[in-house]
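K.L.:
For reference, the sequence and a predicted model appear below.
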Amino acid sequence: MLDLPLVARGKVREVYDAGADRLLLVASDRISAYDHVLPTPIPDKGRVLTALSVWWFEQLTPVLDEFGAGHHLLSVTDVPAEVAGRAMLVRRLTMLPVECVARGYLSGSGTVEYSRTGSIRDVPLPAGLVEGSRLPEPVFTPSTKAEVGEHDEAIDFAAVVGLVGQARAEELRELTLALYRRGAEIALDAGIVLADTKVEFGLSTEGRLTLGDEVLTPDSSRFWPAVTWSPGAAQPSYDKQYVRDWLTSSGWDRVSPPPELPDDVVAATRERYVTAYEQLTGRRFA
Ligand SMILES: N#Cc1c(N)ncnc1-c1cnn(CCN2CCOCC2)c1
């Protein structure tokens, strides 16, 4: 247990007060599936996803610069030894109450919305799209932050305007889409379809729009292997498919507490996280 006050706890991460306008974001090895946190950790998941976020902050800085925005990462070395490698020391922000989601492909709740309305939020889409279809252009599909354990609530652009004002809402939409486009381009070059992602922003003490949270990880985004991308059915998850398939085969009812994962599923899932990191960054995971 860290000797720091706990500020927030998500399914797989915690936020601690690091004093003096700083927070410590700690990524655990926990994995969630079907809205449940599983009892079996995936070794190194926290370290891999932290290293991936750090790399994306570097890659996306030119996009942030175009918007006069920054990011909240201060250090990954100035952290307690017990969480070294899976913790980020970040600038404390005044978080904006919007989950900024960009979708480049039709999936999940997006497919449901499209099936009902022929559009996603206020963006009309061509007929004939199916689960997994690539969208003509990426779409901004914001939601409001739910309480821990609840689902985020989809909101339209007008609601974002109501929360943060017209100019800021437009800035969030354009910056979210720009970050997604750049991330999707880099990911596809590495053989990974970045189907969608969720980013969070806050304002620094100087009032500067700042990218927070984790960035473009398999926990905040849908990663699909490019080689198996085939619109018309649910796409296999790059990182969670072994877990999902085993849970389904185990007969688990998705309501009672989830079962422990077998060693081979844990090992294969760890390997997927490491491979995703190495494929994207071109760096060896130490
Ligand atoms: N990032 C960040 C950040 C910041 N830089 N400044 C102030 N507050 C936050 C913050 C606090 N909670 N959340 C929601 C997302 N959490 C992420 C970790 O895991 C739990 C959920 C963001």
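P.N.:
Looks like it arrived, so ask away.
K.L.:
next SSE after the strand or helix carrying residue 63?
P.N.:
Element membership of residue 63, judged by DSSP states H and E, is helix 45-66. The first helix or strand that comes after helix 45-66 along the chain, using DSSP H and E, is strand 70-71.
K.L.:
Need the residues that contact that next one.
P.N.:
For strand 70-71, contacts defined as C-beta atoms under 8 Å, 6 or more residues apart in numbering pick out 57, 60, 61, 64, 204, 208, 209, 210, 211, 212, 215. Quick note: C-beta positions are derived from backbone N, CA and C, even for glycine.
K.L.:
Can you pull the residues of the stretch 51-200 of the chain lying near the ligand?
P.N.:
With C-beta under 6 Å from any ligand atom as the criterion, the stretch 51-200 of the chain meets the ligand at residues 72, 90, 91, 92, 93, 95.
K.L.:
switch the cut-off to 8 Å
P.N.:
72, 90, 91, 92, 93, 94, 95, 145, 200 (C-beta under 8 Å from any ligand atom).
K.L.:
Narrow those to those that are buried.
P.N.:
The neighbour count (16 or more other C-beta atoms under 10 Å) marks 72, 90, 91, 92, 93, 200 as buried among these.
K.L.:
can you pull the contacts of the last one?
P.N.:
When the contact criterion is C-beta under 8 Å, 6+ apart, the partners of residue 200 are 95, 96, 98, 99, 100, 211, 212, 213.
K.L.:
Going by neighbour count, which of these comes out on top?
P.N.:
residue 211 (26 neighbours; other C-beta atoms under 10 Å).
K.L.:
Out of the contacts of strand 70-71, flag the one nearest to the ligand.
P.N.:
Using C-beta to the nearest ligand atom, residue 212 is the member of the contacts of strand 70-71 that lies nearest the ligand, at 3.7 Å.
K.L.:
rewinding a little: could you redo the residues of the stretch 51-200 of the chain next to the ligand as a markdown table and give each row pLDDT and secondary structure?
P.N.:
Shown next, in a markdown table, are those (pLDDT from 0 to 100; DSSP: H, G, I helix; E, B strand; the rest coil):
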| residue | pLDDT | secondary structure |
| --- | --- | --- |
| 72 | 98 | coil |
| 90 | 98 | strand |
| 91 | 98 | strand |
| 92 | 98 | coil |
| 93 | 98 | coil |
| 94 | 98 | strand |
| 95 | 97 | strand |
| 145 | 81 | coil |
| 200 | 98 | coil |
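K.L.:
For the longest helix along the chain, which helices and strands make contact with it?
P.N.:
Ranked by residue count, the top helix of the chain under DSSP state H comes out as helix 166-189. Secondary-structure packing of helix 166-189 (3 or more C-beta pairs under 8 Å, 6 or more residues apart in numbering; DSSP states H and E): helix 45-66, strand 100-105, strand 134-140, helix 157-164, strand 192-199, strand 209-211.
K.L.:
is it possible to export the ones you listed to TSV including distance to residue 242 and mean pLDDT?
P.N.:
Shown next, in TSV, are the helices and strands packed on helix 166-189 (distance: least, C-beta to C-beta, whole Å; pLDDT from 0 to 100):
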stretch	distance to residue 242	mean pLDDT
helix 45-66	13	98
strand 100-105	21	98
strand 134-140	25	98
helix 157-164	36	98
strand 192-199	16	98
strand 209-211	31	99
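K.L.:
Can you dump the C-alpha atoms of stretch 122-130 in PDB for me?
P.N.:
Written as PDB, here are the backbone C-alpha positions of stretch 122-130 (Å, rounded to 0.1, in the frame of the first residue of the first chain):
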ATOM      1  CA  ASP A 122     -25.600  14.100 -34.900                       C
ATOM      2  CA  VAL A 123     -23.400  12.600 -37.700                       C
ATOM      3  CA  PRO A 124     -25.400  10.900 -40.500                       C
ATOM      4  CA  LEU A 125     -23.600   7.900 -42.000                       C
ATOM      5  CA  PRO A 126     -24.000   6.000 -45.300                       C
ATOM      6  CA  ALA A 127     -26.300   3.100 -45.500                       C
ATOM      7  CA  GLY A 128     -25.000  -0.500 -45.400                       C
ATOM      8  CA  LEU A 129     -22.400  -0.200 -42.700                       C
ATOM      9  CA  VAL A 130     -22.000  -3.200 -40.400                       C
END
